[in-house]
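Chemist: Here's a sequence, model it:
(2 chains)
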Amino acid sequence: MSDLELAPSAGWRLRPFAALDLRLSPLAAVGIVILLAFVAMALFAPLLAPFDPAIPSLRARLAPPSWLEGGVAQHVLGTDHLGRDMLSRLIFGSRIALLVGFLGVAVALMIGVCVGLVSGYFGGKLDAALMGAVNTLLAIPNTLLYLTVLAVFGQSLLLLILIIGCINWTTFARVVRGEVLTIKRREFIEASRTIGQRPVVTMFKHVLPNVLGSIIVIATMNVAMLIILEASLSFLGFGVQPPTVTWGRMLADGRGYVATAWWLAAFPGLMITLLTLSLIFIGDWLRDRFDPRSDS
Amino acid sequence: MIGYVVRRVLQMIPVLFGITLVVFVLLRASGDPVSLMLGEEASEAQIAQLREAYGLDRPLYEQYAVYMGDLLTGDFGRSIRYNNQPALEVVLERLPATASLAAMALVYAILISLPAGIIAALYRRRIPDQIASFLSVLGQAMPNFWLGIMLILVFAIWFGWFPVSGREDAYAVVLPGLALGASLAAVLTRLLRSSMIEVLSQDYIRTARAKGIGPTAVMLRHAIRNALLSYLTVIGLEASSLMAGAVVTEQVFAWPGIGLLAIQAINSRDMAVVQTIVILAALIVMLVNLLVDVLYSLIDPRIQHV
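Modeler: Alright, predicted model coming up:
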């Protein structure tokens, strides 16, 4: 009954991971394997890709996957409208998806956790102002906001990650603030304050470890969300610009050929779905582990 | 109740103010629409003249003050792209298309998630549950624009049942509605399943069963009602993502709503239109949330807004 130690009625949890049951569920195992495969793909893309993803070949345009009629053996998943090898482009596309997904969450996490801690811990006018900012950002449908900001600041990879981080932190801030409010009045926080610890120390040393569980769960789900977001932005032409390969841009290019060459649009979407699926599996499993009340 | 609604409406004002400020600063900082309009061969004098005509030569804070003043009197500026038409008119013209798309998506989401969520909860951890759960995870993992393109491929191109794009045809909304509604259906199914499971374990359900009420009656009269509360809240909360999703879905299906308009306006730096869309979209999202909260208290008498 290790779950008991995590139950809310048992009070705070000083060592959140000590009592944790980390046995993998079958779905989580599948998720981790898929995710690791994508990470390996991104890391070793130049070694794995059979062709240069950016080099067009006019004679091999729109070749179907090799198992279909008219397919060429060397282009396993076919070629696009410029004769570029689909498989190679899909492999390279994983780089941007993973970079934006994970680094975007990292930036958002840093901002969101700090804002949430400060807001919940100090309360008052500061809290009101920060939550006002959160509500403002949350009220604007996110695609609209991202498109506008990207149109203004340009579309490099670094900028994209920073912009996503600077807009996407609100979820983390809200959750951390909520958790801080519930544990703020606990004895061990009072104790830390009473012995004269500076607020920063109390916040990071005593408050933060207690909200880590929910942060990890949300962060995992958020990576999945950001991968879809990055793909949508690229699809709309506002993501990282060519010649960098993105799945979203591949989909946008393939859309015009969907009647004659379905593989152009089908495969990049499949990659996005597979990657986000793996993250959702992992996130669900983490949620079950960190929050035994839920059932998913 | 009325006091609560008034207070909620008043709370929207600072948020709306924040939104206008954010968008205004962003767009004015984004570059000069005049050079875009006139092209590269325009003379300095022409540019200066047009800038003056649009008030673009004045300091930003002055432009913002003028803009806010205009907003409060219902003037959202004029579209540079659409023959100097009032921006609000341009946007409102496109609103019905987006509204019908979002409504269709909502209908799909409810029609799919209600039975799926209830069946999954009733057959918890058995095959129907596993199928429903897997499909709902899949619905969340699939990007809506990809789903849209695949729907076009299968149902518009291969089967030829629906138009590939546009909204002239009466059935045209079927595919884009499904593409937009799928992820909402997935979210709602998962939510309904877990809240049904929670409700079904409550004492009053056991009491109802012990009284000899049949499973269907227990379900309809006692369980669903309570499970629907969180369901309704999430529909409200997802209004924003429905709006955001519409931007992409409209692009896929060339659906002439405000999402498609937004992308065109951003690309051509048609600032008045972009600002109007963002403000209007945010306003709609906030009003939907308010509506849901009010409905919530009507359904559940325990919640009282004083």
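Chemist: What parts of the stretch 101-250 of chain A come near chain B?
Modeler: A:132-133, A:135-136, A:138-145, A:147-149, A:151-152, A:224, A:228, A:231-232, A:235-236 (Cβ under 8 Å from any Cβ of the partner chain). Any C-beta I mention is one placed from the backbone N, CA and C, and that applies to glycine too.
Chemist: how about a cut-off of 10 Å?
Modeler: A:128, A:132-154, A:221, A:224-225, A:227-233, A:235-238, A:247-248 (Cβ under 10 Å from any Cβ of the partner chain).
Chemist: Give the buried residues for stretch A:157-170.
Modeler: For stretch A:157-170, a neighbour-count test (16 or more other Cβ atoms under 10 Å in any protein chain shown) marks A:157, A:160-161, A:163-165, A:167-170 as buried.
Chemist: and if you look at stretch B:258-278?
Modeler: For stretch B:258-278, burial by neighbour count (16+ other Cβ under 10 Å) applies to B:258-263, B:265-278.
Chemist: cool, and stretch B:131-144?
Modeler: B:132-133, B:135-144.
Chemist: again with stretch B:19-26
Modeler: Result for stretch B:19-26 [16+ other Cβ under 10 Å]: buried residues B:19-20, B:22-24, B:26.
Chemist: wait, does it make contact with chain A?
Modeler: Yes - legend: contact between stretch B:19-26 and chain A by Cβ under 10 Å from any Cβ is shown at B:19-23, B:25-26.
Chemist: Not counting its neighbours along the chain, what's nearest A:W285?
Modeler: Once flanking residues are discounted, A:W285 sits nearest to A:A28: 3.5 Å by Cβ to Cβ, 6 or more residues apart in numbering or on different chains.
Chemist: List the residues that contact the residue in chain A that chain B sits nearest to.
Modeler: In chain A, no residue comes nearer to chain B than A:G269, which is 3.1 Å away by Cβ to the nearest Cβ. A:G269 makes contact with A:231, A:235, A:247-248, A:250-251, A:254, B:142-143, B:145-150 under the criterion Cβ atoms under 10 Å, 6 or more residues apart in numbering or on different chains.
Chemist: Pick the one among those closest to A:A108.
Modeler: A:A231 (17.5 Å; Cβ to Cβ).
Chemist: Any idea how many residues pack against that closest one?
Modeler: 33 (other Cβ atoms under 10 Å in any protein chain shown).
Chemist: cool, and A:G120?
Modeler: A:G120: 25 neighbours (other Cβ under 10 Å).
Chemist: got a list of what residue 177 touches?
Modeler: Defaulting to chain A. Contact analysis of A:R177 by Cβ under 10 Å, 6+ apart lists A:112-113, A:115-121, A:123, A:127, A:130-131, A:134, A:211.
Chemist: that answer is for a different chain, and I need it for chain B
Modeler: By Cβ under 10 Å, 6+ apart, the neighbours of B:G177 are B:100-109, B:249, B:253, B:255.
Chemist: now do A:M110
Modeler: Residues in contact with A:M110 (Cβ under 10 Å, 6+ apart) are A:165, A:169, A:172.
Chemist: Which of the contacts of A:R177 ranks first by neighbour count?
Modeler: A:G116 (31 neighbours).
Chemist: Smallest gap between the stretch 101-250 of chain B and chain A, at which residue?
Modeler: B:W146 (3.1 Å).
Chemist: I figured B:R190 hits B:S113, correct?
Modeler: Yes - using Cβ atoms under 10 Å, B:R190 is in contact with B:S113, at 8.6 Å.
Chemist: which residues do those two both contact?
Modeler: Common neighbours of B:R190 and B:S113 (Cβ under 10 Å, 6+ apart) are B:120, B:132, B:136, B:139, B:234.
Chemist: Kindly present those as TSV, with separate columns for pLDDT and distance to A:P53.
Modeler: Compiled in TSV, the shared contacts of B:R190 and B:S113 are given as follows (pLDDT from 0 to 100; distance: Cβ to Cβ, whole Å):
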residue	pLDDT	distance to A:P53
B:A120	91	41
B:A132	91	39
B:S136	91	34
B:G139	91	30
B:V234	86	40
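Chemist: Going by distance to B:M1, which of those wins?
Modeler: Proximity of the shared contacts of B:R190 and B:S113 to B:M1 (Cβ to Cβ) peaks at B:V234, which lies at 22.8 Å.
Chemist: Next, the buried residues of the one helix or strand the closest one maps to.
Modeler: B:V234 is part of helix B:224-237, with elements assigned from DSSP states H and E. Of the residues in helix B:224-237, B:224, B:226-231, B:233-236 count as buried by neighbour count, 16+ other Cβ under 10 Å.
Chemist: From the contact counts, what lies against that helix?
Modeler: On a contact count with 3 or more Cβ pairs under 10 Å, 6 or more residues apart in numbering or on different chains; DSSP states H and E, helix B:224-237 meets helix B:87-122, helix B:174-200, helix B:271-299.
Chemist: which is the next helix or strand following the second one?
Modeler: Using DSSP H and E, the next helix or strand after helix B:174-200 towards the C-terminus is helix B:203-210.
Chemist: Just want the angle from that following helix to helix B:174-200.
Modeler: Counting by axes from the mean of the first three to the mean of the last three Cα atoms, to 10 degrees, helix B:203-210 points 80 degrees away from the direction of helix B:174-200.
Chemist: And the helix or strand following helix B:203-210, what's buried?
Modeler: Once helix B:203-210 ends, the next helix or strand along the chain (criterion: DSSP H and E) is helix B:215-217. When burial is assessed from 16+ other Cβ under 10 Å, helix B:215-217 yields no buried residues.
Chemist: Tell me how far helix B:215-217 lies from the chain's centre.
Modeler: Taking the mean of its C-alpha atoms, helix B:215-217 sits 35 Å from the chain's own mean (Cα atoms, centre = their mean, to the nearest Å).
Chemist: neighbouring contacts of that helix?
Modeler: Contact partners of helix B:215-217, identified using Cβ under 10 Å, 6+ apart, comprise B:122, B:208-209, B:223.
Chemist: Between which two of those is the distance greatest?
Modeler: Farthest apart among these by Cβ to Cβ are B:L122 and B:A208. That separation is 15.0 Å.
Chemist: In the stretch 101-250 of chain A, what residue spans correspond to helices?
Modeler: With DSSP state H, counting those that start in this stretch as the criterion, the stretch 101-250 of chain A has helices at A:124-139, A:142-153, A:157-168, A:170-183, A:187-194, A:199-201, A:208-235, A:247-255.
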